[in-house]
Every structure is written in C-alpha cells, then in structure tokens.
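**Q** here are the coordinates; sequence isn't available:
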C-alpha cells in the first residue's frame, strides 16, 4: 500500500470533511494506536453533544445519560467489529490490514459524529421550542412527529455523508469501485447488526414521560432489537 | 487632375512578422478572467485595508472580496469578525426599535433586545452546520473564515433592514393590524436575507466551493431557525405581556401555527368590530 506515503500523518477535520482521499489515505496507512485518539475524541464530543441535545427533551439526567451512551455505541461498534471488519476486507478483495480497516471505520464514524455535533445546537433549539416531555405536560402528536422526523433526517444525513466518504476512501485504497461497494455493504451489515443491538440494550435515549429517567431500562438485556421489530410487524397482521 | 494628390501608396505591412509566421499556431489566448474569478489578493483592490464601522459598511456593499481576503489573514480575522458582528447587531437593534415602535411601552426596549439576541443566537447555532455543509461541498475555509463570511452576510442583511426601516416605521404608525405589520417585517427580512445569502455564496466561491446544494440546504435551515426564533421570542410586534418576557412553556408553538393563530385572532377582532 504505497498511496499517500508522502502525506503528513497530522490529523485534521477539514480534509476529513472534504473527503480529501490522498490525505486520508496517508493517515490510514501511517497510523499507529495513538492516532486513534483524535477520531475517538471527535466521536465523544460530536455524538455526545447530539445525545445531550436529544435527551434534554426529557430531563437533564437523561441528557447526561444520552451524552454518554451515544458515543459509546459508536466506539463499541467500531471496536467490537474491528476483527470481523478486518477479516472481511481481504476476503472481499481489499488488502487492508486490521488497523487500516479499523481506522477507516473509525474515521467514517468520526465524520458522522462531527456532523451530528454540528447539528446539536439546532436540536437543542428544537427541544427548547417543544413542550417539555414531562409527566402532566400534554405533548401533541405533532411535536412528537417533528422531533422524530428531525432526528431521523439528521442521523440519516450524517450516516449517508459518512458512508459516501468511506466508499470514496475504500475505492482509493482498493482501486476498484465494485470491491469498495461490496466491502462497504458488508461493513454496513455487520455494523448495523451490532449497533442496533447496542442501541436496544442502552435505551432510552429520549425517554418517556410515563417512565422514570434511568440509565438502562430494567429489562435491558431481555430480548433484542430484531425480535422487537418482528413482533411489531406481526401485530400488523390479523391472527 | 493635378489638384488631386495621389496618396502615397504605403507599403503593406505583413499581418504577422516573419518570425511569427514560422511558429506553429498555438492555442487561442484565454479570455481575461473576471474580477470575481481571480484568486483573492491578486487584485490590489482586495488588499486595501478596511477601516472602522463606516469602512465595513462600504466594503460589504462595494468590495465584498476585500472582506474575504482580510478574513484569510489569520492576524486580522478576529478583529474583522468582531467589527462585522458589532455593526450587524447595532443595525438590527435599530431595526428592532422600529419593530417595537408599533406597540410602544415596554416594547421600545424589549423588541430590540429580543431581536438582537435572537439574531446572534440564530447565527451561533447555525454556524457549526454551515461549516460542515461548506466543507462537505469542498470549501477550504477555516471556521474563522466561515464565521466571518456569515457575519458579513448578516451585516449586509441588517444594512438592508436599515434601508427598509423608514418604510417600516411609516407603516407601523399608520396601521393597527399586528398581522399586517408582522407580514411586512417578514417580507423585509426575507428580502434582506436573500441578499445576505447571495453574499455568502459569493464568499464561499472564493473558498473553493464545488457545489451549492449543501449551502442551499443550510439556507433553508437558517431561515427556519430565524422564523422559529421570532415565534420563540414573541411578542415582538404586538404589545408586551406583563410578567412574561417570553411565552410560558405551555404556550410553545411552531411558527406556522403561531401565524395561523395570529391571523385567526385578527379575523375575530375585525368581525367583532363589524369592519
């Protein structure tokens, strides 16, 4: 892997956001364990700010809990899937080393977190404009829908932007469009599998006015995300 | 025909010197670049200093590239941002007083205070997403330059509001309709913001923006936030409510719902007066 060998290894936000493939390739190929701290810090700051804004709708405690849980999910997904992601890369035609694949995933998560962080003041402003999510305060269906729609839009935008950048990077690293797309889809699948289950265990992120504010729900480790989706789908069908 | 002097036949000049005739034809010369396409600082006009508040106003209107150039000089960025922000907030405070003049009383000070703080908060919460959208679209601007470009756009927009202020004041003295005044201020804000956006886009072109689509999304977000701010900080046009500087939490609304409610109230009042 000779691409980007002459590029400085200095990590900066601008090239990451602009998707400057040569510079980013340089970081990835010359990275050591210590270099992982910068994107990890970005994930903690960006996703933490977004989590806090999201949780502040329910209570200050919930804001703190969500600020801890959201970055944790991203970091735990990257770490938990590092091995399988590293194995999938050569199997699908990209000769990346384990630390290179971990760095690629971590950078794409950092980009998503930075985008989420940039939107966190807007989320906080939205929360300020909504009736508080507390017992005894009537929250209209419209307020719920606006919150949900905004969250989905922002998270989808962050995810889309980071995956497009990751695909550009993989294409650069592997010199093949098809291989890059294949690997991206494989990584997406395994990251979605772990990430969605971690989110399920660590719920709630926004909270509910009828339930107490807590870090984890009582039955956190009972059931899983896909089981819940399956049951919800089954309820749509008449017996 | 002795009177008709024959003109001396001049020897015909060759169309091209011989030396050039032997050269292979080169590509046609590039058309001269327009001022907007030149790199920042290439034109000596870009490098002229900006002096004080009056200089800032003149520069925003006539030489916006000078602001972009000065913002790119790391040592000058902070001072220029401070100057632009002060001018913008000063202008919007003056326009706020015009808004408050409709109801008078406490609104003389409350409306300018709310509008000034509202604009500053809107700019502050939209700045990070502007930086992100600009970078994703290829801009090489630093956060300081982005903040400066945003402050420049706000300065231009608020300057235009000052231009509209006499018209707004005249209407506020001659009508009692809150909805009408609200609509007028909104229209002035949208026109002023439109020019601000144009300034912003032009500034980002100089920072290497490849596509405007991200910036267009941000413009929509900025406008939504600014419109919601007017509802979150109400009343701005109508009379102040004793004991409630801001609406109580139970009365939080989206701006569209607030507009519809205001129009309904207006219709009710008109009906009850029998107009």
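**A** Thanks, I have it. Bear in mind the structure is a predicted one, so any value in this text is a computation, not a measurement. Numbers count the residues shown, from 1 in each chain, chains lettered A, B, ... in the order given.

**Q** please count neighbours and contacts with C-alpha atoms only from this point.
**A** Fine.

**Q** quick one, what contacts residue B:151?
**A** B:81, B:84, B:85, B:88 (C-alpha atoms under 8 Å, 6 or more residues apart in numbering or on different chains).

**Q** once you drop chain neighbours, what's closest to the residue nearest the centre of chain A?
**A** Among the residues of chain A, the one closest to the centroid is residue A:74, at 4.9 Å (C-alpha atoms, centre = their mean). Nearest non-adjacent residue to residue A:74, counting by C-alpha to C-alpha, 6 or more residues apart in numbering or on different chains: residue A:109, 6.8 Å away.

**Q** by contact count, what packs against the longest helix seen in chain A?
**A** What stands out as the longest helix in chain A, according to DSSP state H, is helix A:141-174. Packing contacts for helix A:141-174, counted by 3 or more C-alpha pairs under 8 Å, 6 or more residues apart in numbering or on different chains; DSSP states H and E, involve helix A:21-30, helix A:98-128, helix A:177-201.

**Q** so which of those is the most surrounded?
**A** helix A:98-128 (a mean of 24; mean count of other C-alpha atoms under 10 Å in any protein chain shown).

**Q** just the buried positions in stretch A:63-80, please.
**A** Judged by neighbour count using 16 or more other C-alpha atoms under 10 Å in any protein chain shown, the buried positions of stretch A:63-80 are A:63-75, A:77-78.

**Q** again, but for stretch A:225-239
**A** Here stretch A:225-239 shows residue A:225 as buried, counting by 16+ other C-alpha under 10 Å.

**Q** so what's residue B:214 up against?
**A** B:133, B:134, B:136, B:137.

**Q** mind doing that once more with 10 Å?
**A** Shown in contact with residue B:214 (C-alpha atoms under 10 Å, 6 or more residues apart in numbering or on different chains): B:130, B:132, B:133, B:134, B:135, B:136, B:137.

**Q** check residue B:99 too.
**A** By C-alpha under 10 Å, 6+ apart, the residues touching residue B:99 are B:93, B:107-108, B:111-112, B:115, B:165, B:168-169, B:172, B:181-182, B:185, B:236-238.

**Q** so where does it fall, helix or strand?
**A** Using DSSP states H and E, residue B:99 maps to helix B:74-100.

**Q** buried residues, that helix. List them.
**A** Of the residues in helix B:74-100, those buried (16+ other C-alpha under 10 Å) are B:77-78, B:80-81, B:83-85, B:87-100.

**Q** only the buried residues of the longest helix of chain A, if you could.
**A** For helix A:141-174, using 16+ other C-alpha under 10 Å, the buried residues are A:143, A:147, A:151, A:154-155, A:158-159, A:161-163, A:165-174.

**Q** what residue ranges in the stretch 1-150 of chain B score low on pLDDT?
**A** Along the stretch 1-150 of chain B, the parts satisfying pLDDT under 70 run over B:1-37.

**Q** can you give me the helices in it?
**A** Assigned by DSSP state H, counting those that start in this stretch, the helices in the stretch 1-150 of chain B fall at B:18-21, B:52-62, B:64-72, B:74-100, B:107-136, B:143-174.

**Q** among these, which is nearest residue A:193?
**A** Closest approach to residue A:193 among the helices of the stretch 1-150 of chain B (C-alpha to C-alpha): helix B:107-136, 27.8 Å.

**Q** lowest average confidence, helix or strand, in chain A?
**A** The helix or strand of chain A with the poorest confidence is helix A:225-236; it has a mean of 77 (mean pLDDT, DSSP states H and E).

**Q** can you spell out which helices and strands pack onto that helix?
**A** Here helix A:225-236 touches helix A:177-201, going by 3 or more C-alpha pairs under 10 Å, 6 or more residues apart in numbering or on different chains; DSSP states H and E.

**Q** what's the angle between the helix it packs on and helix A:141-174?
**A** 140 degrees (axes from the mean of the first three to the mean of the last three C-alpha atoms, to 10 degrees).

**Q** helix A:225-236 and helix A:177-201, what's the angle between them?
**A** Taking the same axes, to 10 degrees, one finds that helix A:177-201 is oriented at 80 degrees with respect to helix A:225-236.

**Q** just want the angle from helix A:177-201 to helix A:98-128.
**A** For helix A:177-201 against helix A:98-128, the angle by the same axes, to 10 degrees is 50 degrees.

**Q** now the one helix or strand residue A:83 maps to: buried residues?
**A** Using DSSP H and E, residue A:83 maps to helix A:82-91. Within helix A:82-91, the residues that qualify as buried are A:82, A:85, A:86, A:87, A:88, A:89, counting by 16+ other C-alpha under 10 Å.

**Q** ok, so of those residues, who is nearest residue A:133?
**A** For the buried residues of helix A:82-91, the nearest to residue A:133 is residue A:82 (37.6 Å; C-alpha to C-alpha).
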